[in-house]
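In: Just the structure for this:
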Amino acid sequence: MQRDDTPSDVSTQLARFAAALTARDVPDAVVRQCKQALLDLLGIALAGERAGEAARALECYAAQGGDGPALIWATGRRASPGVAAFVNAAHARVLDYDDIIDYPQVHVTVCFAPAAIAVAQAARVDRPGERLLAALAVGSEIQARLAAAIAPGFGSGLPVMLASQLFGYVSAAAACGSVLGFDPTRMLSALGLSQMQAAGTEEMVVHAAQSDGKILYAGLCNQGGVQSAMMSLAGLAALGDPLGGRAGLLNACFPGAFELAPLTDGLGSRYEALRRCFKPQPGTLVSHPFCEAALNLVRRYGLSAADIAWVRLHVGPWGRAMCEPLDVRRRPPSASAAMNSIPYAVATALVKGSVGVGDFNAEARADEAVLRMAARIEHDVDPELAAPGAVEPGIVTLRCHDGSVYRERVEVARGQPARPLSFEDTADKFTRNVAFARPEMSAGAIDGLVAAVRDLECLGDLDRFLQLLSAS
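Out: Numbers count the residues shown, from 1 in each chain. The predicted model follows:
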């Protein structure tokens, strides 16, 4: 692990990378993934605004910010870049449906892209498609490399610090700086200013049952990234080593539990962000292999919910955090708590045959059939199922009323890098999400949005493109 007094120039190297990268420099595989991530983000933000319990509160918050040049995608309201970035990111986190590094679990696009888009719209940059494509590659790579830096010390249990939010301040500042064409010095100041704001722990996200923290943290780091870039643009300086320094972000938040080398090894030639997952269902990634295992059994043996007497989940340390306290996980009191619950997700899958956009709201959480199934779900903890470097496997045992017992183990869930979703899969997901959010959007408009993202580098009118998202 890294010593806390080791000299470092990783921040300078990352600033140079972020300032220099253009759309033409980005490898084809990264281009395809960045476009996929953008399409995914836009669709889940639209669905999230309609499905999320906090949508009304977010609308009230947005109204306090007054008018501005940046668009809130799902509503068409105009706001300042910081407020628009905050609300769009929060909408995209409502369903826990966005792309994520599988280990250590760090969310990616939602933590920076709303900021870059808001700044690009406010600044009316030329060649917005090219600039956004470069910014998406910059933000994704910095977020992924910061995740890789803490992987050696991450362990197998739930951490205290919330890496997605902490790192999001940095990646959002870098993505905004990329859109604005920062030189390396101005980019380094943006990173330094973002480090001065960075904060975030798991308390309000995982452990607090009555909290909107799970959907708000990405909004906070996007808003901070906008502020950092705009302060740097105005000439405010924060030059130093904000990431690897003695009191830098990594030493402050992950002391003795990180390595600096992953931040810069192969920078510009090897892209760590290609390791990310795209989710085929909403909810915490930890629940996905369990839901898939349960559904495999139901489909293979032709079972119905009425056939099942009890369910046992076999979990490791991370899964345990999503199963306990069991009474809360069986009957989650909020959408955030439901998204963090393996028992609730598995019960929903067994009763409904899938886990979808509308399955975390108050009405869905009161579904008696789902609650009866959840009451029959137990778990046991096996430390041997800890999976440093990966998501824990999903192991489910079902016992039926006729005495038959079935067991299934899913090592890698669909959507993880070993079983990836294609751009076409994500386009289908986008269509489903948009249909949920905006039934009046025509098939032609949906096809046009998908095509525009597929040809993002050719996009010349960002404002017009974004207005399509909220058009009635």
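In: For the stretch 251-400 of the chain, which segments are assigned as strands?
Out: Secondary structure of the stretch 251-400 of the chain (DSSP state E, counting those that start in this stretch): strands at 276-277, 308-315, 377-381, 394-400.
In: I'd like the mean pLDDT over the shortest one, please.
Out: Here the mean pLDDT over strand 276-277 is 96, rounded to a whole number.
In: helices or strands next to it in the packing?
Out: Under the contact criterion of 3 or more C-beta pairs under 8 Å, 6 or more residues apart in numbering; DSSP states H and E, strand 276-277 touches strand 100-102. (Glycine included, C-beta is placed from N, CA and C.)
In: Show me what the strand it packs on packs onto, helices and strands only.
Out: strand 105-107, helix 128-150, strand 276-277.
In: Which secondary structure state is assigned to the residue of the chain positioned farthest from its centre?
Out: Most distant residue from the mean C-alpha position of the chain: Asp402, 41.8 Å away (C-alpha atoms, centre = their mean). Under the three-state scheme (DSSP: H, G, I helix; E, B strand; the rest coil), Asp402 adopts coil.
In: Could you pull up the residues touching the residue nearest to it when sequence neighbours are not counted?
Out: What sits nearest to Asp402 in space, not counting adjacent residues and going by C-beta to C-beta, 6 or more residues apart in numbering, is Asp307, at 7.6 Å. Shown in contact with Asp307 (C-beta atoms under 8 Å, 6 or more residues apart in numbering): 400-402.
In: Just the closest of these to Ser189, please.
Out: Taking C-beta to C-beta as the measure, Ser189 lies nearest Cys400 of those, at 63.0 Å.
In: Am I right that the closest one is in contact with Leu303?
Out: Yes - if you go by C-beta atoms under 8 Å, Cys400 and Leu303 touch, sitting 6.8 Å apart.
In: Can you tell me which residue is spatially central in this structure?
Out: His107 (3.6 Å).
In: And it, how far from Asn222?
Out: With distances taken as C-beta to C-beta, to the nearest Å, His107 is found 12 Å from Asn222.
In: intersection of neighbour lists for these two?
Out: Both His107 and Asn222 are contacted by Gly168, under the criterion C-beta under 8 Å, 6+ apart.
In: Kindly export stretch 130-143 (C-alpha atoms) in CSV.
Out: Presented in CSV, the C-alpha positions along stretch 130-143 are these (Å, rounded to 0.1, in the frame of the first residue of the first chain):
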residue,chain,number,x,y,z
GLU,A,130,-16.9,16.0,-30.2
ARG,A,131,-16.3,17.9,-27.0
LEU,A,132,-18.9,15.7,-25.1
LEU,A,133,-17.4,12.5,-26.5
ALA,A,134,-13.9,13.6,-25.2
ALA,A,135,-15.4,14.6,-21.9
LEU,A,136,-17.2,11.3,-21.5
ALA,A,137,-13.9,9.5,-22.1
VAL,A,138,-12.0,11.7,-19.7
GLY,A,139,-14.5,11.5,-16.9
SER,A,140,-15.0,7.8,-17.3
GLU,A,141,-11.3,7.1,-17.3
ILE,A,142,-10.5,9.2,-14.2
GLN,A,143,-13.4,7.7,-12.3
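In: roughly how far out does that stretch sit from the chain middle?
Out: Once both centres are worked out by C-alpha atoms, centre = their mean, to the nearest Å, stretch 130-143 turns out to sit 15 Å from its chain's centre.
In: Contact partners for Met187?
Out: With C-beta under 8 Å, 6+ apart, Met187 has these contacts: 15-16, 18-19, 174, 177-178, 232.
In: For those, work out which two are farthest apart.
Out: Pairwise distances across the contacts of Met187 (C-beta to C-beta) peak at 15.1 Å, for the pair Arg16 and Ser232.
In: Looking at these two, which is more packed in?
Out: Legend: neighbour count by other C-beta atoms under 10 Å for Arg16 and Ser232, higher for Ser232 (26 against 18).
In: same question for the helix or strand harbouring the more buried one, mean pLDDT?
Out: In the assignment (DSSP states H and E), Ser232 maps to helix 213-233. Average pLDDT, helix 213-233: 96.
In: and the angle from that helix to helix 128-150?
Out: In terms of direction (axes from the mean of the first three to the mean of the last three C-alpha atoms, to 10 degrees), helix 213-233 departs from helix 128-150 by 110 degrees.
In: could you say what helices and strands the lowest-mean-pLDDT helix or strand in the chain packs with?
Out: Lowest on mean pLDDT, DSSP states H and E among the helices and strands of the chain sits helix 55-64, with a mean of 86. Counting contacts by 3+ C-beta pairs under 8 Å, 6+ apart, helix 55-64 is packed against helix 28-51, helix 81-93.
In: what's the last one packed up against?
Out: Pointing back at helix 81-93 there. When contacts are defined as 3+ C-beta pairs under 8 Å, 6+ apart, helix 81-93 packs onto helix 28-51, helix 55-64, strand 70-71, helix 113-123, helix 213-233.
In: next one: the helix holding Ser232 to chain centre, how far?
Out: Between the centre of helix 213-233 and the centre of its chain there are 15 Å (C-alpha atoms, centre = their mean).
In: angle of that helix against helix 55-64?
Out: What separates the directions of helix 213-233 and helix 55-64 is an angle of 20 degrees, with the same axes, to 10 degrees.
In: between helix 213-233 and helix 28-51, how many degrees?
Out: Taking the same axes, to 10 degrees, one finds helix 213-233 and helix 28-51 inclined to each other by 120 degrees.
In: isn't there a helix covering Ser171?
Out: Yes - the assignment for Ser171 (three-state DSSP) places it in a helix.
In: Contact partners for it?
Out: Here Ser171 is in contact with 111-112, 138-140, 142-143, 146, 225 (C-beta under 8 Å, 6+ apart).
In: do the same with Met373
Out: Contacts of Met373 by C-beta under 8 Å, 6+ apart are 305, 308, 311, 347, 350-351.
In: Take these and lay them out in TSV including pLDDT.
Out: Formatted as TSV, those follow (pLDDT from 0 to 100):
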residue	pLDDT
Ala305	96
Ile308	98
Val311	98
Ala347	98
Leu350	98
Val351	98
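In: from those residues, which is closest to Pro159?
Out: For the contacts of Met373, the nearest to Pro159 is Ala347 (26.9 Å; C-beta to C-beta).
In: quick one: that closest one and Glu378 touch, right?
Out: No - using C-beta under 8 Å, Ala347 is not in contact with Glu378, being 12.0 Å away.
In: What score does Thr12 have for pLDDT?
Out: What the model reports as pLDDT for Thr12 is 97.
In: I'd like to know how many residues surround the nearest residue to it once chain neighbours are set aside.
Out: Counting by C-beta to C-beta, 6+ apart, Leu188 is the residue found nearest to Thr12 once chain neighbours are left out, at 6.2 Å. Using other C-beta under 10 Å, Leu188 has 27 other residues around it.
In: mind checking the SS state of Leu188?
Out: Each residue gets one of three states, and Leu188 gets helix by three-state DSSP.
In: ok, now how distant is it from Gly460?
Out: Taking C-beta to C-beta as the measure, Leu188 falls 31 Å from Gly460.
In: Likewise for Phe436?
Out: Phe436 is 30 Å from Gly460, where distance means C-beta to C-beta.
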